[in-house]
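S.K.: Have a look at this prediction, sequence included:
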Amino acid sequence: MNQHEETNLYEFEISGRYGIYYIDWPNLRIRGKVERIREHTDHEVKGEVMITSERPESAGHLRQGRLNLTSPASRRTLAASLARREAFVDWDMVLEQLCVSVLREFRAGIPESLLDGNAGVEEGPRYLIDPMLVQDEVNIIYGKGSSGKSYFAQYLSVLADAGLSAGGLCVEPSKVLYLDWETTRREINSRVSYLRRGLGIEGVCGIWYKRMTAALHTDLETVKDLVVQKGISLVVVDSLASALGGEPESAAVCLNMFNALRELEVTSLCIHHVNKQTTAPKEAQLFGSNYIYNSARNLFQLHADIVPQSRAMTIGVYHVKMNNGPMIADMGYELAFGEGTVTLERRDVKDNPELEQHQRNVDRLDNALRDGPLTVGDLVDKLGKSESQIRNLLSQYNQKFFKLPTKVNGLDRYARAMQIDIDEWVNP
C-alpha cells in the first residue's frame, strides 16, 4: 500500500452537536462515538468513547469506556486494547484523529456571529406551530388539574408530527420527542391514537416517546443523543415540575432545567401546574420560582369548563406572555370524547360564560358592548365589577370605548369605537 492509498484509507468525517460526536472512517468501515464530555479543573477533557466496526473480520462492538482525550498515555492504552480485536487498523492514528477533532469541536462551542443590525420585518418570531409555539424557544402551557393541558399538548404533538394545520393553527412538520414523567407509554399511545383518528390521520405515527424518572439535566446526555439520532425538532416536557428534579421554588433547580432545555437547541413545550393562590395575577399563578415565568419565552394559561357526566369539555387558551412578538387573542376548543376518538374543535371563548370570566377585563368589556351601547350600570351587572372599576377601565381604554353624547334615563352610555353609528350621536 503506497502513502496515497493509506491517506485515503484514514480519511474521516466528524458530525454531531450538543457534546455528542460521531467520527466515521468510511474506507476503514469504523465508527467512533464520543459523549458525556467533561472538562476538569486540571484542563483534562474526558469523555465516554465507543468504537464499532462493519469490517468482516471484526463486525460489531469493539470497545467502550472513559477516555482522557488530552492524554497520549490514555490513547495508547485504548489503542492496544483495540488492536487485540482488530489488528489491521492503525489504532494510534485513528484515536489521534478522534481526540484531536473532538477536542477542536468541543472547545469551539457555538460559533460567534456578527450582528449586522439589518434584520427585516420578516425576521420576527418564527413559529413551529403558529401562533402557539415559537421555534427554538421555551413555550409553556399551565393550568389547574383536569384543565386539558396534557391533551392539548398531545394534540399539538400529533399536528406537528403529521404536518397538519388544523384548529386555526398553521403547523410546520416536525419530529417530536415526548418526555413523560407523569404516566405511561400505554396511556400516551392511546391518547395519540384517539387524536389521530379524530383528525382523520392515517399511516404510521412518528412521535418518539421516552418515560422519564430523573431530572432532565441529570438525564440530558441520553435526551441529547435521542434528539440527534432521531432528528427531533420539538420536545414536549410532561411535566415541568417533575422534570426539575428538585424544589420548584429553588432558583438553582429551575435554572438547571432551563439551561438543559437551552442546550437541546430545539423548540420545547413544557406542561406546568398552578400554585394554590388561584386569585393571584396570572403571572403569579405558576407553581414555583419566578424563574419559571422569566425563562418562558411564550406562555399560555388553560382553563376548562367541565360539565359533569358529559363526554366533552371546553378549553380556554389564554396568552399570558410573549417576549418577541404580538400577544394573540384568547382561543377556545371543545374537546370531545368519542368511541376510540378524541376531537378538538375551535370555539369562541366569549360564548362560554365559564371561560369568558377568565379573559382580561378589557376583553370582557369589549364582549359586553358587542351587541350595542350600554350604561355603566349595565356593565357593572354584566362584568360583576364595581362602578369605579368599570369607569377606570373605560378611562384607561378611551381609544377603544367611547361615551356617547346622548343618555338614557339620564345615564351615560358607552359603545365600542368600531361600532359607533353616526345615528347614535343624534338618535339614542
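M.R.: On my side now, so go ahead.
S.K.: first vs last residue of stretch 114-130, how far apart are they?
M.R.: Terminal residues of stretch 114-130 lie 28 Å apart, using C-alpha to C-alpha, to the nearest Å.
S.K.: Then stretch 304-314?
M.R.: 6 Å.
S.K.: Distance from it to the middle of the chain?
M.R.: Between the centre of stretch 304-314 and the centre of its chain there are 27 Å (C-alpha atoms, centre = their mean, to the nearest Å).
S.K.: Name the residues of it that are buried.
M.R.: 304-305, 313-314 (16 or more other C-beta atoms under 10 Å). Backbone N, C-alpha and C define where each C-beta goes, glycine included.
S.K.: Please flag which of those sit within strands.
M.R.: Judged by DSSP state E, the subset of those located in strands is 304-305, 313-314.
S.K.: least trustworthy helix or strand in this structure by mean pLDDT?
M.R.: The weakest-scoring helix or strand in the chain, judged by mean pLDDT, DSSP states H and E, is helix 3-9 (a mean of 66).
S.K.: For the helix or strand following that helix, buried residues please.
M.R.: Downstream of helix 3-9, the first helix or strand assigned by DSSP states H and E is strand 13-17. Judged by neighbour count using 16+ other C-beta under 10 Å, the buried positions of strand 13-17 are 14, 16.
S.K.: Need the residues that contact strand 13-17.
M.R.: For strand 13-17, contacts defined as C-beta atoms under 8 Å, 6 or more residues apart in numbering pick out 21-24, 26, 101-102, 105, 228, 265.
S.K.: Adjacent strands (with direction) for the strand or helix carrying Q301?
M.R.: Element membership for Q301, per DSSP H and E: strand 298-306. Strand 298-306 sits in its sheet next to strand 138-143 (parallel), strand 312-322 (antiparallel), going by DSSP bridges.
S.K.: To F258, which of these lies closest?
M.R.: Nearest to F258, of all those, is strand 138-143, at 6.5 Å by C-beta to C-beta.
S.K.: what about that closest one, distance to the chain center?
M.R.: With C-alpha atoms, centre = their mean as the basis, the mean position of strand 138-143 lies at 8 Å from the chain mean.
S.K.: could you dump the ones in strands among the buried residues of stretch 304-314 to JSON lines with distance to T222 and pLDDT?
M.R.: Shown next, in JSON lines, are those (distance: C-beta to C-beta, whole Å; pLDDT from 0 to 100):
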{"residue": "A304", "distance to T222": "34", "pLDDT": "95"}
{"residue": "D305", "distance to T222": "40", "pLDDT": "95"}
{"residue": "M313", "distance to T222": "35", "pLDDT": "95"}
{"residue": "T314", "distance to T222": "38", "pLDDT": "96"}
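S.K.: Any chance of the residues you listed in TSV with distance to L269 as columns?
M.R.: Formatted as TSV, those follow (distance: C-beta to C-beta, whole Å):
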residue	distance to L269
A304	18
D305	23
M313	20
T314	21
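S.K.: with those residues in mind, which one is nearest to T341?
M.R.: M313 (15.0 Å).
S.K.: Which strand residues bridge the closest one?
M.R.: Assigned bridge partners for M313, using DSSP bridges, are I306, L335.
S.K.: any idea how this structure splits into domains?
M.R.: Following automatic domain parsing, one finds the domains of the chain at 3-108, 125-353, 361-425.
S.K.: I'd like to know which of those domains is closest to G117.
M.R.: domain 125-353 (16.2 Å).
S.K.: Endpoints of that closest one, how far apart?
M.R.: Using C-alpha to C-alpha, the end-to-end distance of domain 125-353 comes to 33 Å.
S.K.: Please state the offset of it from the chain centre?
M.R.: That offset, for domain 125-353, works out to 7 Å (C-alpha atoms, centre = their mean).
S.K.: where's the spatially closest residue to E54 that is not a sequence neighbour relative to V102, distance?
M.R.: The spatial neighbour of E54 that comes closest, neighbours along the chain excluded (C-beta to C-beta, 6 or more residues apart in numbering), is R29 at 4.1 Å. For R29, the distance to V102 (C-beta to C-beta, to the nearest Å) stands at 20 Å.
S.K.: Neighbour count for these two, which is higher?
M.R.: V102 (25 against 15; other C-beta atoms under 10 Å).
S.K.: quick one: that one and I23 touch, right?
M.R.: Yes. Between V102 and I23 there is a contact under C-beta atoms under 8 Å: 7.2 Å.
S.K.: overlap in contacts of those two?
M.R.: Joint contacts of V102 and I23 (C-beta under 8 Å, 6+ apart) are 14, 34.
S.K.: and D116, which of the domains of the chain is closest to it?
M.R.: Taking the domains of the chain one by one with C-beta to C-beta, domain 125-353 is closest: 18.0 Å.
S.K.: The residue lying closest to G206 once chain neighbours are set aside: neighbouring residues, count only.
M.R.: Among residues not flanking G206 along the chain, D161 sits closest, at 5.1 Å (C-beta to C-beta, 6+ apart). Residues lying near D161 (other C-beta under 10 Å) number 22.
S.K.: All set now, cheers.
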